[in-house]
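Q: No sequence on hand, only this structure:
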């Protein structure tokens, strides 16, 4: 066990390699409190709880990377994707990118937007189906699986509402409403920031 931990080594392990205080304590065979002491001593800011959870869930770094449009076609798709999230996305949730709609074509565009410009894996997307009591679950799931080219394993257990409870909205949803989910706090924040840039007419 070491009485003193070199600040350079500590910074490499904690900041660069994203190891937790507990991980570093195991490396040096000491207590976590001692690691926290030396972090403070070397003026290395501790990660917040949310940051620590993010790092734990993404040990290899962000699972996405922004790729800006390169041509007019890209710019149109990029603008459309930002617009869809601005108008249809659920921005109240701080940890997840969510967008729901009854239009499969709209969701397909948003999925292509996420894959093309952020490099996410389509198989990492999750979906939640909201249907009505007069819609057969199997028919609705089959429709969305074929339209969005996804697997059944990506779909959470459907939520069922009583037919007519949502008035005229029900008539627009022959196969229910599908919501696409991507659980990543930083990507959600990045999309919100891009919307703000668009609103303020600032360059990307």
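A: On my side now, so go ahead. Since the model is a prediction, treat every value here as computed from it, not as a measurement. Residues are numbered from 1 along each chain as shown.

Q: pLDDT below threshold where in this protein?
A: 1-2, 163-172, 204 (pLDDT under 70).

Q: And the helices in it?
A: Under the criterion DSSP state H, the chain contains helices at 7-11, 21-28, 32-41, 49-57, 72-88, 104-118, 137-148, 168-171, 185-199.

Q: domains of the chain?
A: 7-57, 72-199 (automatic domain parsing).

Q: quick one: which of those is nearest residue 64?
A: domain 72-199 (4.2 Å; CB to CB). (C-beta placed from N, C-alpha, C; glycine too.)

Q: Determine how far the last residue of that closest one lies from the first.
A: By CA to CA, to the nearest Å, the extent of domain 72-199 from end to end equals 20 Å.

Q: any idea how far that domain is from the chain center?
A: Using CA atoms, centre = their mean, to the nearest Å, we find the averaged C-alpha position of domain 72-199 to lie 12 Å away from the chain's own average C-alpha position.

Q: which residue is nearest the middle of the protein?
A: With distances taken as CA atoms, centre = their mean, the chain has residue 184 as the residue nearest its mean C-alpha position (2.8 Å).

Q: I'd say that residue and residue 96 touch.
A: Yes. Taking contact to mean CB atoms under 8 Å, the distance of 7.5 Å between residue 184 and residue 96 places them in contact.

Q: how about JSON lines for the helices of the chain, with distance to residue 159 and mean neighbour count added?
A: JSON lines is the format used below for those (distance: least, CB to CB, whole Å; neighbours: other CB atoms under 10 Å):
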{"stretch": "helix 7-11", "distance to residue 159": "47", "mean neighbour count": "15"}
{"stretch": "helix 21-28", "distance to residue 159": "38", "mean neighbour count": "16"}
{"stretch": "helix 32-41", "distance to residue 159": "42", "mean neighbour count": "16"}
{"stretch": "helix 49-57", "distance to residue 159": "25", "mean neighbour count": "13"}
{"stretch": "helix 72-88", "distance to residue 159": "18", "mean neighbour count": "15"}
{"stretch": "helix 104-118", "distance to residue 159": "17", "mean neighbour count": "18"}
{"stretch": "helix 137-148", "distance to residue 159": "11", "mean neighbour count": "15"}
{"stretch": "helix 168-171", "distance to residue 159": "14", "mean neighbour count": "12"}
{"stretch": "helix 185-199", "distance to residue 159": "22", "mean neighbour count": "16"}
